[in-house]
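Chemist: Quick one: sequence plus predicted model below, questions after.
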Number of protein chains: 4
Amino acid sequence: MSAKTFIVETLQLEGSSRSARALHMVHGVALSLGMVAVVLGTVTSVTAAAGTLLAAVTYAVVLLFAVEYWLRLAFAPELGLAPDVLSPGEARLRWVTSSAGIIDLLAWLPLLVALLVMSDAAHARLFGTFWILKFGRHAPRLGVLGRVLRQAREPLLAVFVAFLAVLLVAAVLAYVIEAPGQPETFGSVPQALWWAIATLTTTGYGDAVPQTPLGRFLAGGVMVCGILVFALWAGILATEFAKEMRRHDFLKTWDLVAKVPYFEKLEAVTIAEVVHLLKPIEFTPGAVVVRRGAPGDCMYFIVEGEIEIQVKPEPVILGPGSFFGEIALITGGARTATAVARRPSVLLALDIVHFRELAATRPDLTAAIDAEAKRRVLQGT
Amino acid sequence: MSAKTFIVETLQLEGSSRSARALHMVHGVALSLGMVAVVLGTVTSVTAAAGTLLAAVTYAVVLLFAVEYWLRLAFAPELGLAPDVLSPGEARLRWVTSSAGIIDLLAWLPLLVALLVMSDAAHARLFGTFWILKFGRHAPRLGVLGRVLRQAREPLLAVFVAFLAVLLVAAVLAYVIEAPGQPETFGSVPQALWWAIATLTTTGYGDAVPQTPLGRFLAGGVMVCGILVFALWAGILATEFAKEMRRHDFLKTWDLVAKVPYFEKLEAVTIAEVVHLLKPIEFTPGAVVVRRGAPGDCMYFIVEGEIEIQVKPEPVILGPGSFFGEIALITGGARTATAVARRPSVLLALDIVHFRELAATRPDLTAAIDAEAKRRVLQGT
Amino acid sequence: MSAKTFIVETLQLEGSSRSARALHMVHGVALSLGMVAVVLGTVTSVTAAAGTLLAAVTYAVVLLFAVEYWLRLAFAPELGLAPDVLSPGEARLRWVTSSAGIIDLLAWLPLLVALLVMSDAAHARLFGTFWILKFGRHAPRLGVLGRVLRQAREPLLAVFVAFLAVLLVAAVLAYVIEAPGQPETFGSVPQALWWAIATLTTTGYGDAVPQTPLGRFLAGGVMVCGILVFALWAGILATEFAKEMRRHDFLKTWDLVAKVPYFEKLEAVTIAEVVHLLKPIEFTPGAVVVRRGAPGDCMYFIVEGEIEIQVKPEPVILGPGSFFGEIALITGGARTATAVARRPSVLLALDIVHFRELAATRPDLTAAIDAEAKRRVLQGT
Amino acid sequence: MSAKTFIVETLQLEGSSRSARALHMVHGVALSLGMVAVVLGTVTSVTAAAGTLLAAVTYAVVLLFAVEYWLRLAFAPELGLAPDVLSPGEARLRWVTSSAGIIDLLAWLPLLVALLVMSDAAHARLFGTFWILKFGRHAPRLGVLGRVLRQAREPLLAVFVAFLAVLLVAAVLAYVIEAPGQPETFGSVPQALWWAIATLTTTGYGDAVPQTPLGRFLAGGVMVCGILVFALWAGILATEFAKEMRRHDFLKTWDLVAKVPYFEKLEAVTIAEVVHLLKPIEFTPGAVVVRRGAPGDCMYFIVEGEIEIQVKPEPVILGPGSFFGEIALITGGARTATAVARRPSVLLALDIVHFRELAATRPDLTAAIDAEAKRRVLQGT
């Protein structure tokens, strides 16, 4: 493998090569250490005791991210989504102006400039807070959250507008009611707004508290509105999240099901049905998929990798396209053999609930599984 | 276009004409500036420095809303929902007594009277808080929220009644338990109610805190009840919101699907099916719908507007009724061309998930899309 | 109508007779006045000014509830659920030992005894807090809430057990960490428990606050657990509430649909389908069901009562079994006539969304509605 | 029954034998008493008054759990899930290294060592906090909660990561804004973090409160983010919980339905349908299942146990496989007889809603119920 191929593979964000996963880990460690340096660097006693160490950590992280930036820029054509469509220059420009490129730039440039320019190193290090953006880029499921918030933004915003309206009205009323009695805390609408937001979010610092009966009645109303805002947002996000999860799972499983030979001969309509029943799971090498003697509640189809079934006299190795675990499912008893992943593997699990539903609605599908199970029991494999 | 037509078009609340959108923006700016004047006008230092400016802003906003009110009144017959059914007098009377008319009146009359009558301009300006109602009238999705709250009002009220009952019982018990020890904060049931509401909503100002073990045990119970109230409301609103979203999306999409020639020949039963799969999206002129090289996850049907497909040798312009983006969907590859909206456009997006479901259950529908995709690939358009 | 029949009708909890509704209102007023007397009676200035009035109100409410109790006891056989199954003695005994009977007894006996025995009237009146139970008995939808909480009690309790476990562990850890530094607020586990509950419910009174870094780290973890408890309960209740609402609506509508002649001839399977689409709504006399010129978004079937369609030359009166409002639904235009309820009426609303679905899946059903609409348009009624 | 069988039956975690349930209760009492001793043992006045009692309770509980541990270890081969698959040694080793074995060990060993080694008994007793783990192991529905949290861990973690990011950014900004004015509470980022977490979780102790307008604006934003985190978690857990409840109920009911002879002859496809309609309920001996004269809203199938129908001249005893309660369901009237469980019984309830749905879609199934109901009414049983 050439150096170039190696670097490109390493820089793949969701790459499964050993070097890509190593880089992912180095990233995590560097970000964590860096953030600790930013946070602790503001404590005088720590900087007095370990100032040099903090500086060393900060510079090391900046260096790492700067090098990574230039590598990503250099290999942008190979790392892009559509290498055959864009010219190298176009690909580099797109990456630099993409959110990923800007985040990767913010991860080292502002901090480096600050460290060189500012006299107070602790204050300069605060620019390391931009690392959080980088962290977000490497967190896997944040994408789903972002999608949910984007899909639900209209009703969320509508609730937020209602929240602001209640806030303003509450502040004006509190100002009218409480200003005469407490001019130092409710003496202007902006001051009353501070009380209103701490009350509407049910935070309740207690630094501004209405004293008149009318003011307290108002406060009670504002608190209840706060609960309602919580509840509305929760309701909106629950609805949207449920929708998004269905979409996400469907897409992910469809891609995997299409790789299993057992389902290959099915028509599209049946695949769509089966996709709703299967759940993809990933295993690292050495992970125990099922353990001998444990109760059996699902069977597995192998999409990727290799599974070793530990039977006597010698283990059976199953590859992509095979299935196992169906015996315990059919007999209802304990697992008769332990199964271990020998390589990074992706399996599709068919839950006992769904196996029974499938057996009821599509007996032709489960018949093949039954037949295979009987054959295996007879052969003692 | 006559002056009358121009004014009527401008005053359309959800009008898409340029002047209507301009008025909408002027409204937003005026409301924001006005509210800032109301809020900052109560801060002594600000009024000392910029009193004249605040007064000018306030009068300008009042004037704007007064003029708008008289225009809306004058053109009520043309702006009403059913111009052919009501006489002009009936239409004006209905508008004046409608919530919209009352809100528009409250937006200028009380403030104007207060400014003329009251000596303290800052206090007079507080009547500008009525502008929030006007803001609510122009916010788009508040209608959905209102509908959800109205539909769910019975269970919400039931929870609120339970909330009040817990509040009263907690206050009476806290009074009995804590009054002997802390007569100044728990000396009467109304005082204990103040503690109870700050505790039940988990606000916890900390100005009234039980000291006896029994009182603290009671407080713990009240806090847990507070969480339960949150949770119940959230549960109720989630249920109702999910229902309302389904209704809202269905209606909106049905109207759009009916405009696409491709679906015209379908029977009602199939339209009802298709409506559940399509998602309407709006684009402003110049917006990029799909970008060359990006991964493709949905195809589009054009309902309104014009889309430019940037292919060589020269771009193709698609109008209402056409569809595009199906090639990337079928091949699974990246987008082969960029598509840009040339005019305000409404598209119906068919997600890859739903496209596959449709292909499975209604192969006749997707066959036409397949055929068109093949034709386009061959022609290189 | 005999006196006995009148009393029995009046005492019906959900009776629709005029006297039953009057009693319901008297109840509400008496309960509200009574609770106000209980609450304000503990404020010294109020008792000094209006002590006699408070006493009078209290005695009046006690008298009312005592009389009601004896009447309900006397007429228990007639008011019971199964008058033909139980003997009068059995019926009375069952009522006395039922929760309803006990609540009605608690509404007057303890308070009366306290007023006669205790010297401090304000303290005696606190026994009026039992009235809240009575209030609960008359609130309509509390039943649904109770059912939801009962159905979901197992997972709710499981979360509560987890809540208690976190509470105890947090208190023990806080005691270990903070006791040396703050012996007066964290000096024992019970004291630490007080901090823990105010933190876990995110109330945060601020009277006990950890000072050590480790204690604050613990506090952060406890707060996050508190949010998780909120979220778990909300999730559980949302799931259960959605289930209960479906059940409740289905049952209510089935009973009503069975009364509409138009649906009479349908087979059970179709009724089950139709029930899911109809929504029952109640109208008081004089209520406007649809207004001329307003946009039409549903049609109505009359289950009970009388609706007046205000068309010229003279209004048409529709009784139970008729339907109206279908013209605007089919043409998509504004309502062509105003419809007003002449008597307390129950209607079944068929939403435009569901009308279209019905038209797609059951054209035979909507054909009859179409035919009737055409007939009416032709006749101009 | 031999001593060995008796012990094995007693130690069954979810055993239904009398001795197993007795042990379950002893466990509960011992855990509760023990935890009370732990908590109260830290209060000086209590230890002074009842130190010996606390010590006695603690030693008794430790002894109980130690004995239980050795018994469970000795009988691990018989208590394990797959006695025929593992050798006794393997079974014991597996139990010792299982979470159950570790929890049972932690329930007595650390406390015993601490009591023997440490001089301060109150501090030693704090090791009894490990009992909470044991409690969790015996709580029934905690398993479902654990499964929900495990299934939803990815999105929950994503929200938590976003929570941490907001926390860090808020703390850094608050430090920059507030440190100059309040060096003692915002003087370093760790100190600002303490403010940030109390604000982001809307706890609001009030010991650190921003004073500058900019700091307060930031605080408002942080509070709103806190509400969003609540709402996101609630939404995620609601979605996942609904899924888990469906799975759980389906599995539980399937096992029971398979035991009812009435459903025996059905094909798998119909059982899958019926399972969705039935709800399993457990009754203890003497529990009243239906009461004469009460309104009837469901019928019951007996899975396990014995039900006595109290009709004249003498009661009828129904065993597993029978059904009852269908008469009130069909006639819509009150229950005609009381039914009492004579032994611990498991029934499947068929709700009136679902009975009607079943009657509509599967008339053959309800026909048999109708026929039986008619026969019973005729016979007067």
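Modeler: Now that the structure is in, tell me what you want to look at. Numbers count the residues shown, from 1 in each chain, chains lettered A, B, ... in the order given.
Chemist: Would you map the strands across the stretch 251-381 of chain A?
Modeler: Secondary structure of the stretch 251-381 of chain A (DSSP state E, counting those that start in this stretch): strands located at A:278-283, A:288-290, A:298-304, A:307-310, A:316-318, A:323-324, A:338-341, A:345-351.
Chemist: TSV for these, including mean pLDDT?
Modeler: Listed next are the strands of the stretch 251-381 of chain A as TSV, based on pLDDT from 0 to 100:
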stretch	mean pLDDT
strand A:278-283	79
strand A:288-290	83
strand A:298-304	84
strand A:307-310	88
strand A:316-318	88
strand A:323-324	84
strand A:338-341	88
strand A:345-351	84
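Chemist: what residues does the stretch 201-350 of chain A put near chain D?
Modeler: Taking Cβ under 8 Å from any Cβ of the partner chain as the measure of proximity, the stretch 201-350 of chain A contacts chain D at A:201-207, A:229-230, A:233-242, A:245, A:292-295, A:333-336. Just so you know, the C-beta spots here come from the backbone N, C-alpha and C atoms, and that holds for glycine as well.
Chemist: separation between the nearest residue to A:Asp297 once chain neighbours are set aside and C:Val61?
Modeler: In space, and not counting its chain neighbours, A:Asp297 is closest to A:Ile352: 4.9 Å by Cβ to Cβ, 6 or more residues apart in numbering or on different chains. If you measure A:Ile352 against C:Val61 using Cβ to Cβ, to the nearest Å, the figure is 60 Å.
Chemist: which of these two has more neighbours?
Modeler: C:Val61 (25 against 20; other Cβ atoms under 10 Å in any protein chain shown).
Chemist: The more buried one touches C:Ala30, doesn't it?
Modeler: Yes: with contact defined as Cβ atoms under 8 Å, C:Val61 reaches C:Ala30; the gap is 4.8 Å.
Chemist: how about the residues of the stretch 201-350 of chain A that lie near chain C?
Modeler: So far as Cβ under 8 Å from any Cβ goes, the stretch 201-350 of chain A lies against chain C at A:Thr202, A:Thr203, A:Gly204, A:Tyr205, A:Gly206, A:Ala231, A:Ala234, A:Gly235, A:Ala238.
Chemist: Farthest-apart pair in those, please.
Modeler: The largest separation in those, counting by Cβ to Cβ, is between A:Gly206 and A:Ala238 at 31.8 Å.
Chemist: Just want to know which of those two has more residues nearby.
Modeler: Per other Cβ under 10 Å, whichever of A:Gly206 and A:Ala238 has more neighbours is A:Ala238, with 32 against 23.
Chemist: Provide a list of residues in contact with that one.
Modeler: Contact analysis of A:Ala238 by Cβ atoms under 8 Å, 6 or more residues apart in numbering or on different chains lists B:Ala234, B:Ala238, B:Ala242, C:Gly235, C:Ala238, D:Ala234, D:Gly235, D:Ile236, D:Ala238, D:Thr239.
Chemist: Over the helix or strand where the first one lies, what's the mean pLDDT, rounded is fine.
Modeler: Assigned by DSSP states H and E, B:Ala234 falls within helix B:213-257. pLDDT averaged over helix B:213-257 equals 84, rounded to a whole number.
Chemist: Just the buried ones from the residues of the stretch 201-350 of chain A next to chain D?
Modeler: Neighbour-count burial (16 or more other Cβ atoms under 10 Å in any protein chain shown) applied to these gives A:201-207, A:229-230, A:233-242, A:245, A:292-294, A:334-336.
Chemist: what sits up against stretch A:331-347?
Modeler: For stretch A:331-347, using Cβ under 8 Å, 6+ apart, the contacting residues are A:16, A:256, A:280-296, A:300-311, A:317, A:324-325, A:327-328, D:81-82, D:85.
Chemist: Alpha carbons only: can I get that stretch in CSV?
Modeler: Taking Å, rounded to 0.1, in the frame of the first residue of the first chain, the C-alpha atoms of stretch A:331-347 are listed here in CSV:
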residue,chain,number,x,y,z
THR,A,331,-37.1,-25.1,20.5
GLY,A,332,-37.4,-22.3,23.0
GLY,A,333,-34.5,-23.8,25.0
ALA,A,334,-31.0,-22.5,25.9
ARG,A,335,-28.3,-21.8,23.4
THR,A,336,-26.5,-25.1,22.5
ALA,A,337,-23.2,-23.5,21.4
THR,A,338,-21.2,-20.3,21.9
ALA,A,339,-20.7,-18.1,18.9
VAL,A,340,-17.8,-15.7,18.8
ALA,A,341,-16.9,-13.0,16.2
ARG,A,342,-13.5,-13.7,14.6
ARG,A,343,-13.4,-10.4,12.7
PRO,A,344,-15.2,-7.1,12.8
SER,A,345,-18.7,-8.4,11.9
VAL,A,346,-22.1,-6.9,11.1
LEU,A,347,-25.1,-9.1,11.9
